[in-house]
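Student: here is a sequence with its predicted model. Questions after.
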Amino acid sequence: MGLLGLFSKEKKEKLEKGLFVTRQGFFSRLSKAIMGKAFIDQEVLANLEEVLISSDVGVETTLKIIGKIEQRVEQQKRVDIAQINTMLREEVAALMTNSDSGWGAPRSVKPWVIMVVGVNGVGKTTTIGKMAYQFKAAGKKVMLGAADTFRAAAVDQLIIWSERVGVPIVSQGMNADPASVAFDTLSSALTRDIDIVIIDTAGRLHNKVNLMNELGKIRKVMSKLIPDAPHEVLLVLDGSTGQNAIEQCRQFTAATDVNSLAVTKLDGTAKGGVVIGISDQFKIPVNYIGVGEKMEDLQLFDKTEFVDSLFKQ
C-alpha cells in the first residue's frame, strides 16, 4: 500500500490514464529491446539503457538503474528475461522519494507557508489553484498571495482561482513589490487563523542573479513575521518538456533552496519518465503531480502507485 493508504480506485485509474502515453511508448520500445531473448545479457542491458534514455529518464539516472540491474544479473548468473520488469520496478522505486504529508495532515507550523517558483507556462498558477482546492477540501483554511507582480495576467489568473476555489487572496496588482505582497499576505494570514499560505512568485530565468535576489528578499521579509518561512519552496515543472524540466530544476535549485517539486502535464505526454530522473538527480521530493485538467487531478505523489501505474502491463 502506498503512502496514502486511501489511494482511491478513482485516483489510481486517473494516474494510470495520465501515464498511458508514457507507458505505451516505454513498453513498445522495451519489447523490441528484449525480442527473441530468453535471458538478460549485455545486449539486453545496452538496449534497456537506450530505452530508458529515450523515455526521458536522463543519462545519469539511467546508468544508475542499469548498474544495479547488472549487479543483480551477475549475482544470479542466468536471469530469465521475464524478470526485467520486476527488476526495473524495484530499482526505480528505490531511487524515488514519497510526498511527505497528505492534504489534511497537521503541519508543525501554522500558517504553513508555501512559496511557489517556476518559469511561466509550466502551469504554476493552475497548480496553486488546484492545491488551494485540495487543501480546502481537506478542511484547511487557505490564503493566496499574488507576488508574481511582473505580469498582470498572473495576478488576474490567481484572483480568478481564488474566487473559483473560494479562498481569500492578497494582491497589490502589477508592478507592486513582491516582498511587500508576501509580507501583507502573512500579516493577514496570522490575524485570520489561516492554516496554509501559498505565495506565487515571478517565473523569469533570464537573469539568475535578479531571480536569486528577488526570491531572497521575499524569504527575508516573510521570516520577519514567521521564522523559517517559507516552509516549503515548491518548484513547478512541466513534465511534457522532458529534459528541459531537468535543466529548469538545475537553474532554480541554484537560485533558491527548493525543497519540494510539482510535475505537471503528465497526461498526454510520452515523457513521464522525467519524474524518475528529477527525483533521483536532485534528491528533492516530488510532492505533487498533475495528471489531468480537473481540480482533483493534482495528486499527492506516491512512488508505489506511480511505479505500479508506469510499469503496469
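Tutor: Sure, I can see it.
Student: flag the shaky bits of this protein, pLDDT-wise.
Tutor: In the predicted model, the chain carries pLDDT under 70 at residues 1-7, 100, 205-208, 313.
Student: go with 50
Tutor: Applying pLDDT under 50 to the chain picks out residues 1-6.
Student: what ranges does it have for its helices?
Tutor: Here the chain has its helices, by DSSP state H, at 9-18, 20-33, 42-54, 59-76, 84-95, 124-137, 152-165, 178-191, 208-225, 243-255, 274-282, 303-310.
Student: now these as a markdown table including mean neighbour count and distance to S101?
Tutor: (Each C-beta comes from the backbone N, C-alpha and C, glycine too.) Formatted as a markdown table, those follow (neighbours: other Cβ atoms under 10 Å; distance: least, Cβ to Cβ, whole Å):
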| stretch | mean neighbour count | distance to S101 |
| --- | --- | --- |
| helix 9-18 | 16 | 17 |
| helix 20-33 | 17 | 26 |
| helix 42-54 | 17 | 30 |
| helix 59-76 | 16 | 25 |
| helix 84-95 | 17 | 20 |
| helix 124-137 | 23 | 11 |
| helix 152-165 | 17 | 20 |
| helix 178-191 | 20 | 19 |
| helix 208-225 | 16 | 21 |
| helix 243-255 | 18 | 21 |
| helix 274-282 | 23 | 17 |
| helix 303-310 | 21 | 14 |
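Student: L261: which of these is closest?
Tutor: Closest to L261 of these is helix 274-282 (Cβ to Cβ; 6.5 Å).
Student: how far away from the center of its chain is that closest one?
Tutor: Offset of helix 274-282 from its chain centre (Cα atoms, centre = their mean, to the nearest Å): 10 Å.
Student: ok, now stretch 124-134?
Tutor: Computed by Cα atoms, centre = their mean, the chain-centroid distance of stretch 124-134 equals 13 Å.
Student: just to revisit the earlier point, turn the helices of the chain into CSV, including distance to V291.
Tutor: Formatted as CSV, the helices of the chain follow (distance: least, Cβ to Cβ, whole Å):
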stretch, distance to V291
helix 9-18, 3
helix 20-33, 10
helix 42-54, 21
helix 59-76, 21
helix 84-95, 18
helix 124-137, 11
helix 152-165, 19
helix 178-191, 29
helix 208-225, 28
helix 243-255, 16
helix 274-282, 11
helix 303-310, 9
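Student: mind checking which of those helices is nearest M295?
Tutor: Nearest of the helices of the chain (Cβ to Cβ): helix 124-137, 4.4 Å.
Student: L237 versus G123, what's the distance?
Tutor: As judged by Cβ to Cβ, to the nearest Å, G123 and L237 stand 9 Å apart.
Student: over to T22?
Tutor: When distance is defined by Cβ to Cβ, T22 is 15 Å away from L237.
Student: re the thing from before, shared neighbours of G123 and L237, anything?
Tutor: T264 (Cβ atoms under 8 Å, 6 or more residues apart in numbering).
Student: looking at the two, which one has more neighbours?
Tutor: Legend: neighbour count by other Cβ atoms under 10 Å for G123 and L237, higher for L237 (28 against 22).
Student: who's in contact with the closest residue in space to the more buried one that isn't next to it in sequence?
Tutor: With Cβ to Cβ, 6 or more residues apart in numbering as the criterion, L237 has its nearest non-adjacent residue at 4.2 Å, and that residue is A245. Residues in contact with A245 (Cβ under 8 Å, 6+ apart) are 237-239, 263, 274, 278.
Student: one more: I278?
Tutor: 237, 245-246, 249, 261, 263, 284, 286.
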